[in-house]
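Chemist: Okay, predicted coordinates and the sequence, questions at the end:
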Amino acid sequence: MSRDRSGGLDGVLVVAKPSGPTSHDVVGLVRRLSSTRRVGHGGTLDPFAAGVLPVFLGRATRLVEYHLSHAKRYTATMCFGETSTTDDIDGERMPLTGAVVTREAVEHGLGALVGPLRQVPPAYSAVQIGGRRAYQMARAGQAVELEPRDVVIHGLDLLEWDDTDPARPVAVVDVRCSAGTYVRALARDLGASLGSGAYLGALVRTESGRFHLADAISFDTLREHAADGPAGILKVLRPVDAGLEDLPHAPVTADEIRRLGEGLPTAPKTPLESRSAPVVLVVGPDGAVAGVCRAVAGVLHPTKVLAPRPATDGRPDARPDAATPA
């Protein structure tokens, strides 16, 4: 973690988003409190949902793409006996009369959903159809037909069961799934498979890759640190490669960073642990991630350079965050 020479901070904040704000709202808050221009998040949470939201600042935004495929974990509240136009609590709901849903039936239905799954996204989703968002078409009363997508459900465990109202029982489910999974659609499909409607009443993301809700900071904590200026934010800011610890890391010298910044393949003085790998994070002499490379037979081929090239032989520094060809 560091100060970004282009203005602001450089690293990852793991934020506990409350129900209500959009993910974009969280990005805006972090941008204001950190005085950092470049800020992005690592996976949208719907406004009604809460939970862990990794937020990337400065040069860390260049690494967001390497987080997007990471698995997720949620605590989902699924409500039976009704359907929802949005498949969640924010939509218009319609009661359905059907089979009485039992705990045993729900546990069996959850088991049937585990594994590779072809999932149709909700009509009210951000999926694009002919350049328009599906939710825009749905709000306009237009028919929305979405193609199923391949997702993987790693595990579904029933945590709580409430059948105080037998016609509208409620299940709290631990969901472990691949990126791109719509938990709203899981609730919808589970209800349909049981002959009863279902929608998502609440959702909390507990894990996003290696980021955990237990380690996330609240808005109040973030504001308290921001009151001390950038130095306060630095206390809760993680390094730019936080969450990517499983990727190969390769130490490089200042001169090797300069060569990579010029787009030149480089055989580092320190032998690579992974001689061939599609993604390698290169680490400069200061211990900070300096860029992303592709390793081929022990040679690093630059994909992105995050750090400014150091001045050598009287040559000036290159601009920060210069992209280099793969």
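Modeler: Sure, I can see it. Residues are numbered from 1 along each chain as shown.
Chemist: quick one: terminal-to-terminal distance for stretch 237-257?
Modeler: Stretch 237-257 has its terminal residues 24 Å apart, counting by C-alpha to C-alpha, to the nearest Å.
Chemist: Show me which positions of that stretch end up buried.
Modeler: Neighbour-count burial for stretch 237-257, with 16 or more other C-beta atoms under 10 Å as criterion, is recorded at 237-244, 247-250, 252, 256-257. Using the backbone N, CA and C atoms, a C-beta is placed for each residue, glycine as well.
Chemist: Sort out for me which of these are in strands.
Modeler: The strands, defined by DSSP state E, take in H249, A250 from these.
Chemist: Can you tell me the SS state at L300?
Modeler: With DSSP: H, G, I helix; E, B strand; the rest coil as the basis, L300 sits in strand.
Chemist: whoops, I mixed them up, L264
Modeler: Using three-state DSSP as the criterion, the local structure at L264 reads coil.
Chemist: Enumerate every residue touching it.
Modeler: With contacts taken as C-beta atoms under 8 Å, 6 or more residues apart in numbering, L264 has the following neighbours: P302.
Chemist: 10 Å instead, please
Modeler: E256, R258, L300, H301, P302, T324 (C-beta atoms under 10 Å, 6 or more residues apart in numbering).
Chemist: got it, and D174?
Modeler: Under the criterion of C-beta under 10 Å, 6+ apart, the neighbours of D174 are R73, Y74, T75, A76, L110, G155, L156, D157, L158, L159, E160, T206.
Chemist: what does R176 give?
Modeler: By C-beta under 10 Å, 6+ apart, R176 lies in contact with 71-74, 114, 152-157, 206-207.
Chemist: out of these, which one sits closest to V183?
Modeler: The nearest member of those to V183, counting by C-beta to C-beta, is Y74 at 5.5 Å.
Chemist: what is the closest one paired to in the beta sheet?
Modeler: Beta-bridge partners recorded for Y74 (DSSP bridges): V175, R205.
Chemist: Give me the pLDDT for it.
Modeler: Reading off the confidence values, Y74 has pLDDT 98.
Chemist: what's the neighbour count on it?
Modeler: Taking other C-beta atoms under 10 Å as the neighbour definition, Y74 ends up with a count of 24.
Chemist: And A202, by the same measure?
Modeler: Counted by other C-beta under 10 Å, the residues lying close to A202 total 17.
Chemist: Which pLDDT does the model give A311?
Modeler: Here, the pLDDT recorded for A311 equals 51.
Chemist: do the same with R315
Modeler: According to the prediction, R315 has pLDDT 49.
Chemist: try the one 5 residues further on
Modeler: As summarised for this prediction, P320 has a pLDDT of 44.
Chemist: In the contacts of R176, which residue is surrounded by the most others?
Modeler: When neighbours are counted as other C-beta under 10 Å, the busiest of the contacts of R176 turns out to be Y74, with 24 neighbours.
Chemist: S218 versus that residue, what's the distance?
Modeler: Taking C-beta to C-beta, to the nearest Å as the measure, Y74 falls 19 Å from S218.
Chemist: same check, this time on C177
Modeler: Relative to S218, C177 is positioned 25 Å away (criterion: C-beta to C-beta).
Chemist: next one: the longest strand along the chain to chain centre, how far?
Modeler: Taking residue count as the measure and DSSP E as the definition, the longest strand of the chain comes out as strand 149-162. Distance of strand 149-162 from its chain centroid, counting by C-alpha atoms, centre = their mean, to the nearest Å, is 18 Å.
Chemist: do the same with stretch 178-186
Modeler: The mean C-alpha position of stretch 178-186 is separated from the chain mean by 13 Å, C-alpha atoms, centre = their mean.
Chemist: can you list the weak-confidence ranges in the stretch 151-300 of the chain?
Modeler: Low-confidence segments of the stretch 151-300 of the chain (pLDDT under 70): none present.
Chemist: Now do the helices in it.
Modeler: 183-193, 219-226, 230-234, 254-261 (DSSP state H, counting those that start in this stretch).
Chemist: ok, and what's touching the second one?
Modeler: By that I understand helix 219-226. 13, 15-18, 21, 26, 29-30, 32-35, 55, 217-218, 231-237.
Chemist: residues touching H67, list them.
Modeler: With the criterion set at C-beta under 10 Å, 6+ apart, H67 makes contact with 12, 41-43, 54, 56, 60, 179, 208-211, 242-244.
Chemist: Report the buried members of the residues you listed.
Modeler: Buried by 16+ other C-beta under 10 Å: 12, 41-43, 54, 56, 60, 208-211, 242-244, out of those.
Chemist: pretty sure V204 contacts L53?
Modeler: No. Distance between V204 and L53: 11.3 Å, which falls outside the contact criterion (C-beta atoms under 10 Å).
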